[in-house]
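Enquirer: the following block contains a protein sequence and its predicted model.
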Amino acid sequence: MAQLTRVSGSVGLITLQNPPVNALSAAVRQGIVDTVKKAVSDPLVKCVVICGQNGVFCGGADIREFGAPMTGPPLVPMIHAIEATNKPVVAAIEGAALGGGLELALGCHYRIIHSKARVGLPEVTLGLLPAAGGSQRLPRLIGVPAALELITTGRHVSAAEALKLGIVDQVTDDNTVDTTVKFALSVVGRSLESRRISTFPCPPVSDLDAVFDVAMQRVRQSARGAIAPVTCVQAVRAAATLPYTQGMKREQELMATLFTSGQARALQYCFFAQRAVSRWSMPSGARWDTSKPRPISKAAVIGLGTMGRGIAVALAQAGLSVVAVETQEKQLMDAKQAVSGMLERGAKRRGVAPALGLVSYSHNIQAVAEADLVIEAVFEDMDLKKKVFQQLSAVCKPGTLLCTNTSSLDVDHLASQTPSPELVVGMHFFAPAHVMKLLEVVYGPRSSPQAVATAMQLGKKMGKVSVAVGNCRGFVGNRMLKPYMEQAFFLLEEGATPELVDQALEEFGFAMGVFRMSDLSGLDVGWRVRKADGLVDPDATSGRSARIRQGRRYSPLGDLLCEQGRFGQKAGRGWYQYDKPGSRVAKPDPWLHNFLEQYRARHGLGVRHIDHQEVLERCLYALINEGFRILEDGIAAGPEDIDAIYVFGYGWPRYRGGPMFYAGMVGLANVLERLEHFHQVHPDVPYLQPCSLLRRLVASGSPPIQKWREVIRKVHSQL
Ligand SMILES: CC/C=C\CC(=O)SCCNC(=O)CCNC(=O)[C@H](O)C(C)(C)COP(=O)(O)OP(=O)(O)OC[C@H]1O[C@@H](n2cnc3c(N)ncnc32)[C@H](O)[C@@H]1OP(=O)(O)O
């Protein structure tokens, strides 16, 4: 919907009305077409201003309409009609002009922007390209190199940068619509010939081929396997090399290949999943919209190792006052220096003042007495954490929320160390904590909805994608990682190499395969956990018994490497070899290949050919199967929660939507059939036994992912 009013005597003011972001739905597009026509034909209207209601110009095309057949007037002729009018049309940009919103503004003859607004063409992040003329007009306006960068990254640009680049004509701190109305009146009567961007030639570039080669190389490297960035480069190339009309034709052709692609569907699903996770719910029925968070102004972090430092930085950058506690004096001094450095570098990047004054340091736990919320981030050891929680209970003021940063320990057990278990939640940060977007907020059976709401809100304040999950071993992310890694180990036993497994996973789109990742995070981490679980038995080094632990197939390969001191990158050797400890360049290791051969011979394991498809099916379907178990157990409320965790915390390629979305794309029946097959071949691997929720979904006709919650609810109601 769009409304036309006449203001200041002769200005036709068109207001886009589609809350919350005035997306260009069919009704809005129809409204624009109608109101522009009316304004142009009204002799009393001398100029036109287009704005959006409620402080947002326009968030672009309505993404929710993408899955359905197109209705209403298309964007391209609508924008052309605006550009072609003989009355000046000026965009008044408040809040944001993104995607189709900016393309609409580029069709206007002038653009005035509020200083706090931003613009951008983020279509690439949705698997698309700016196909309402954006890929053709922006390079003509600001030049090929700058347009290429903005279009292929989808980066949002501040008002100041937009002015510098030449995207807008004026920045204002005042009322944007009033300023734009005055501006529009001031340009009445001026020729519009030089204001129609589609008529501009692209500013010349000295070595066009080199510019595009570099851009193509960059997008292929940074977004391995993603098709939209590559297509965006091709579209901008059309702008640089073809007349406008032909360029537009090419833009449409390229868009047609993207629009119906699986990658676009996956990326658009991710867009909504990222937002859906904030509408959390707990099995008790507690929900985001009925649970009020507590205000938090003072936070504390206990333990200033790598995680604690990152958490302190994230809190301070979110504007909270932070008490950082580390009992070891030397550690405290080192941490102070490290935290200050991180804050300074972060502030420099963001062009703001570093929040150094917000962090105070102490070696005395008494310093947290006045904190509203404490995040314990000491070493991952239950006895140590229990001790800290007991101390905190004695020191903190009544009502302080106690959070533990743990990747797998039992949050409920820790809660039981305090007199107020309802005030305890887990906050599982990912390293580096001030950079990584994901936060798992873990509630135990006794955590209060208010405690969950507070942790979720704090996560949002820190700019995290926060996902509320139930308490179980490994929560969601690490619980699903276990069967994935287990399959990778088994594949080595059966004849694969770390290189083969990693290559398959990296070609799938993971930034790092499982073995390179294991080398990076350190093999000793898992070894310690397996030892604590009684799985590492140094006596059982030969025979079949060495590969059966606690009644199921077990691969001791990781333990054997650790026994040799092969802890990964930090040791200079692990699944790969490195030039020196700490080096990042992984090289295949003949020692490891020889070790695998001897291991297989010792255990009488035949070597067979393993291809990429088997690697993907074994590793990914085992992980997905555990995802279904997590849904069945009520640990995650919906598939979007799992997918957001994997995309934002575990390097799952965003253009594949997350593991649960991927299962839907592959076909649930297909996943079930392959799991059944693998479980038949490996009956001693319980993780390969298809979960009953997966069977249930297939039996219900494999509904689309948006309908899974209905099936899950039925399963839960029958328990
Ligand atoms: C021919 C094709 C031509 C053009 C293609 C396009 O234009 S594709 C769309 C390009 N636009 C974008 O990618 C912008 C997407 N939106 C945003 O980045 C942010 O929403 C925005 C506008 C910066 C506002 O951010 P804010 O943090 O204030 O709100 P939030 O992101 O939570 O969004 C609020 C709700 O609005 C929904 N929404 C936002 N944009 C769109 C959209 N373009 N279409 C449909 N819906 C949109 C969003 O999903 C939120 O609703 P929710 O129910 O919570 O999911």
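Expert: Sure thing, it's come through. Numbering: from 1, shown residues only.

Enquirer: hang on, residue 241 packs against residue 205?
Expert: No: using C-beta atoms under 8 Å, residue 241 is not in contact with residue 205, being 10.8 Å away. C-betas here are computed from N, CA, C, even on glycine.

Enquirer: packing partners for the helix or strand harbouring residue 383?
Expert: Using DSSP states H and E, residue 383 maps to helix 382-395. Counting contacts by 3 or more C-beta pairs under 8 Å, 6 or more residues apart in numbering; DSSP states H and E, helix 382-395 packs against strand 373-376, strand 401-404, helix 411-415.

Enquirer: now render those as TSV, adding distance to residue 529.
Expert: Formatted as TSV, the helices and strands packed on helix 382-395 follow (distance: least, C-beta to C-beta, whole Å):
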stretch	distance to residue 529
strand 373-376	19
strand 401-404	17
helix 411-415	16
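
Enquirer: low pLDDT regions in this protein?
Expert: By pLDDT under 70, the low-scoring segments of the chain are 538-545.

Enquirer: so which of the helices and strands packed on helix 382-395 gets nearest the ligand?
Expert: Among these, strand 373-376 comes nearest to the ligand, with 23.7 Å by C-beta to the nearest ligand atom.

Enquirer: contact partners of that closest one?
Expert: Among residues not part of strand 373-376, those counted as contacts by C-beta atoms under 8 Å, 6 or more residues apart in numbering are 296, 298-303, 308, 311, 315, 368, 385, 388-389, 392, 396, 400-405, 427, 454, 458.

Enquirer: quickly find the element holding the residue nearest the centre of the chain.
Expert: The centroid of the chain falls nearest to residue 648 when counting by C-alpha atoms, centre = their mean (3.8 Å). Assessed by DSSP H and E, residue 648 sits inside helix 639-649.

Enquirer: what's next to that helix, contact-wise?
Expert: 269-270, 272-274, 276-277, 280, 430, 436-438, 440, 465, 467-469, 476-477, 480, 627, 630-631, 636, 652, 654, 657-661, 705, 708.

Enquirer: among those residues, which ones are in helices?
Expert: Using DSSP state H, the subset of the contacts of helix 639-649 located in helices is 269-270, 272-274, 276, 477, 480, 627, 630-631, 659-661, 708.

Enquirer: nearest to residue 53 among those residues?
Expert: Nearest to residue 53 among the ones in helices among the contacts of helix 639-649: residue 272, at 22.8 Å, using C-beta to C-beta.

Enquirer: check contacts around the closest one.
Expert: Neighbouring residues of residue 272 by C-beta under 8 Å, 6+ apart: 63, 640.

Enquirer: ok, now how distant is it from residue 468?
Expert: Distance from residue 272 to residue 468, counting by C-beta to C-beta, to the nearest Å: 17 Å.

Enquirer: then residue 319?
Expert: From residue 319 to residue 468 the distance is 23 Å (C-beta to C-beta).

Enquirer: phi, psi of residue 242?
Expert: phi -120, psi 150 (degrees, to the nearest 10).

Enquirer: touching, it and residue 250? I think so.
Expert: Yes: between residue 242 and residue 250 there is a contact under C-beta under 8 Å: 6.4 Å.

Enquirer: can you pull the residues of the stretch 201-350 of the chain lying near the ligand?
Expert: For the stretch 201-350 of the chain, the residues in contact with the ligand (C-beta under 6 Å from any ligand atom) are 272, 275.

Enquirer: how far away is the residue in the stretch 201-350 of the chain that the ligand sits nearest to from residue 475?
Expert: Residue of the stretch 201-350 of the chain nearest the ligand, by C-beta to the nearest ligand atom: residue 275 (3.8 Å). The gap separating residue 275 from residue 475 is 21 Å, by C-beta to C-beta.

Enquirer: ok, the two, which is more surrounded?
Expert: When neighbours are counted by other C-beta atoms under 10 Å, residue 475 comes out ahead of the other of residue 275 and residue 475, with 26 against 12.

Enquirer: wait, isn't that one in contact with residue 442?
Expert: Yes: between residue 475 and residue 442 there is a contact under C-beta under 8 Å: 5.5 Å.

Enquirer: one step back: so the residue nearest to the centre of the chain versus the ligand, what's the distance?
Expert: For residue 648, the distance to the ligand equals 15 Å [C-beta to the nearest ligand atom, to the nearest Å].

Enquirer: quickly list the domain ranges of this structure.
Expert: 2-259, 298-474, 496-602, 612-634+637-717 (automatic domain parsing).

Enquirer: ends of the longest one, how far apart?
Expert: Using C-alpha to C-alpha, to the nearest Å, one end of domain 2-259 lies 26 Å from the other.

Enquirer: residue 166: neighbouring residues, count only.
Expert: 12.

Enquirer: whatever residue of the stretch 601-719 of the chain ends up closest to the ligand: how many residues sit nearby?
Expert: At 10.6 Å from the ligand, residue 640 is the closest residue in the stretch 601-719 of the chain, using C-beta to the nearest ligand atom. Per other C-beta under 10 Å, the neighbour tally for residue 640 reads 27.

Enquirer: where do the helices of the stretch 451-600 of the chain begin and end?
Expert: With DSSP state H, counting those that start in this stretch, the ranges of helices along the stretch 451-600 of the chain come out as 477-494, 498-508, 514-521, 523-532, 557-563, 590-602.

Enquirer: an error on my part: the question was meant for the stretch 151-300 of the chain.
Expert: 159-165, 176-186, 208-222, 227-241, 244-259, 262-276.

Enquirer: just say which of those helices is most tucked in.
Expert: Among these, helix 227-241 has the highest mean neighbour count (mean count of other C-beta atoms under 10 Å), at a mean of 22.

Enquirer: now that one against helix 208-222, angle please.
Expert: 170 degrees (axes from the mean of the first three to the mean of the last three C-alpha atoms, to 10 degrees).

Enquirer: which other helices and strands contact helix 227-241?
Expert: When contacts are defined as 3+ C-beta pairs under 8 Å, 6+ apart, helix 227-241 packs onto helix 134-142, helix 144-153, helix 208-222, helix 244-259, helix 262-276.

Enquirer: which of these sits closest to residue 111?
Expert: Residue 111 lies closest to helix 134-142 among the helices and strands packed on helix 227-241, at 9.9 Å (C-beta to C-beta).

Enquirer: what's the offset of the helix holding residue 648 from the middle of its chain?
Expert: 8 Å (C-alpha atoms, centre = their mean, to the nearest Å).

Enquirer: put the alpha carbons of that helix into CSV.
Expert: C-alpha atoms of helix 639-649 as CSV (Å, rounded to 0.1, in the frame of the first residue of the first chain):
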residue,chain,number,x,y,z
PRO,A,639,14.4,-27.3,13.1
GLU,A,640,15.2,-23.6,12.7
ASP,A,641,16.9,-23.6,16.1
ILE,A,642,19.2,-26.5,15.0
ASP,A,643,19.9,-24.9,11.6
ALA,A,644,20.7,-21.5,13.1
ILE,A,645,23.2,-23.2,15.5
TYR,A,646,24.9,-25.0,12.7
VAL,A,647,25.1,-22.1,10.3
PHE,A,648,26.2,-19.5,12.9
GLY,A,649,28.4,-21.8,15.1
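
Enquirer: relative to helix 477-494, how tilted is it?
Expert: Using the same axes, to 10 degrees: helix 639-649 against helix 477-494 is 70 degrees.

Enquirer: what is the orientation angle of helix 639-649 with helix 262-276?
Expert: Using the same axes, to 10 degrees: helix 639-649 against helix 262-276 is 100 degrees.

Enquirer: what's the closest non-adjacent residue to the residue in the stretch 451-600 of the chain that the ligand sits nearest to?
Expert: When scored by C-beta to the nearest ligand atom, the stretch 451-600 of the chain has residue 460 as its residue closest to the ligand, at 9.9 Å. Distances taken as C-beta to C-beta, 6 or more residues apart in numbering put residue 466 closest to residue 460, at 6.2 Å, once the chain neighbours are dropped.

Enquirer: that neighbour: neighbour count?
Expert: For residue 466, using other C-beta under 10 Å, the count is 25.
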